[in-house]
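Novice: Have a look at this prediction, sequence included:
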Amino acid sequence: MFGFSRLAGYDYFGHVRAELQRCYEANGKRLVVEVVAPPPTASIRYRTKILAEAVAASAQGDDPIHLLGHSTGGVDVRLLLSPTHSLGVEPRDLAWTNRVRTAITLNAPHYGTPLATYFTTVAGTRVMYALSLLTVMSLSLGEPSLAIFSRLLASLGGVDQVFGGDFRLISRATEMLLRFVDREGRKAIQGYLNQVRLDQGAVIQTTPEAMDLFNAATANSGTVRYGCVITGAPAPRALHLGRRIRSPYAAFSAAMYSTLHRITGQRHECYGYAEPSAQQRGRLNTEIGFELDEHASDGVVPTLSMLWGEILWCGPGDHLDVLGHFADEAEHTGHVDWLMSGAHFGREQFRQMIERIAQFQLGAHALAPPMG
């Protein structure tokens, strides 16, 4: 959700691609990465159909295939590999699935997220649109200058007015921010935002209630190894961002994270999350760094909603950290920390996570190929 491939000059999955390729090269293996970016908030079934057709068009030959899905993309991957699905695609577009060795999900809402429930409300729809806008703009432009945000907030009456008012205020915010993008980038971003506005099927389908039905109807493939990445970010009251809260942009990002974390922590009374084994829970608590409960999250997805298959890596981090969107003191790395959670996720954690993913994928190559 909110993801894209390349927009206004920014490569959303570029850090993951580069690090994965480095890991494969270090092991003497060749890796071809194909990024599939369906409409950001479209229905899971429609997104999965696009995924199937995209892989069919690019996966020539007989090399092993690995699927890696972040957030809602992880749910797409599960549906695609399920023997019980009905996607409405041509059989030839699914012929490659017998070459899939692993399915790995990063911070995916396997048991739903309360944030999706909030996004279905009138106020939540406004916040979702604004969040998608600011995600794209922040990653595309880097940290906006003080002038951009001071002018924006002053003209609209502050953050509360933007998110508490009517949609016209958000439209004005969109127009102001897009002035800082060239014509081609502006057109691409407007097209992206229109997709968010017109089709929000995945929002409804990733609520805890809807994912309860999804899990009842979607089976794992018996020939694929499933793995997951799980993170948890500190509660807003524990934030110690220090010198990073020096600008309206940083303060706004931290305030946004605080709001998202609070909403995501509102567990549904009837629909719970995964129940880790004692060993899994011990590992999660130790490596994430605090005692997990059903209110813990990465700011977007509950931590205990991310468990599906083998835990490949777990640790402190927010929803965008795992894609390489974290703060990096080194210059010219391309890392942009839009969601300031105070999780202290950095290059070392990112490299460890990607290496574990690559090891899991490469280890699957030694297994006997699945029967056709």
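Specialist: Arrived safely.

Novice: Would you mark the buried spots in stretch 193-211?
Specialist: By neighbour count with 16 or more other CB atoms under 10 Å, stretch 193-211 contains the buried residues 193, 195-196, 199-200, 202-208, 210-211. C-betas here are computed from N, CA, C, even on glycine.

Novice: Show me what the helix or strand hosting Gln352 is packed up against.
Specialist: Gln352 is part of helix 347-364 when elements are defined by DSSP states H and E. Under the contact criterion of 3 or more CB pairs under 8 Å, 6 or more residues apart in numbering; DSSP states H and E, helix 347-364 touches helix 14-26, strand 65-70, strand 100-106, strand 225-232, strand 310-316.

Novice: and the most centrally placed residue in the chain, what does it touch?
Specialist: What sits nearest the mean C-alpha location of the chain, by CA atoms, centre = their mean, is Ser71, with 3.7 Å. Contacts for Ser71 (CB atoms under 8 Å, 6 or more residues apart in numbering) come out as Met1, Gly3, Leu106, Asn107, Ala108, Pro109, Val300, Val301, His319.

Novice: What is the burial count for the residue lying closest to the last one once chain neighbours are set aside?
Specialist: Read it as His319. Computed as CB to CB, 6 or more residues apart in numbering, the closest residue to His319 that is not its neighbour in sequence is Val300, at 3.9 Å. Counted with other CB atoms under 10 Å, residues neighbouring Val300 total 24.

Novice: cool, the one 3 residues further on as well?
Specialist: Burial of Thr303 is recorded as 25 neighbouring residues (other CB under 10 Å).

Novice: close enough to count as contact, it and Cys228?
Specialist: No. Assessed by CB atoms under 8 Å, Thr303 is found out of contact with Cys228, at 11.1 Å.

Novice: Show me what the longest helix along the chain is packed up against.
Specialist: The longest helix of the chain (DSSP state H) is helix 122-141. Where contact means 3+ CB pairs under 8 Å, 6+ apart, helix 122-141 is packed against strand 10-11, helix 114-119, helix 159-164, helix 167-178, helix 183-198, helix 248-264.

Novice: Compare those and say which comes out lowest on pLDDT.
Specialist: When these are compared on mean pLDDT, helix 159-164 scores lowest, with a mean of 55.

Novice: which stretches of the stretch 51-200 of the chain aren't confidently modelled?
Specialist: Filtered on pLDDT under 70, the stretch 51-200 of the chain yields the residue ranges 138-174, 176-177, 180.

Novice: Apart from its neighbours in sequence, what residue is nearest Ala358?
Specialist: Once flanking residues are discounted, Ala358 sits nearest to Cys23: 3.7 Å by CB to CB, 6+ apart.

Novice: Sorry, slip of the keys, the one I care about is Gly73.
Specialist: Per CB to CB, 6+ apart, closest to Gly73 is Gly3, 6.7 Å.

Novice: returning to what we had before: so can I have CSV of the helices and strands packed on helix 347-364 showing distance to Ser258 and mean neighbour count?
Specialist: Formatted as CSV, the helices and strands packed on helix 347-364 follow (distance: least, CB to CB, whole Å; neighbours: other CB atoms under 10 Å):
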stretch, distance to Ser258, mean neighbour count
helix 14-26, 25, 17
strand 65-70, 23, 22
strand 100-106, 23, 25
strand 225-232, 15, 24
strand 310-316, 17, 20
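
Novice: Appreciated, that's everything.
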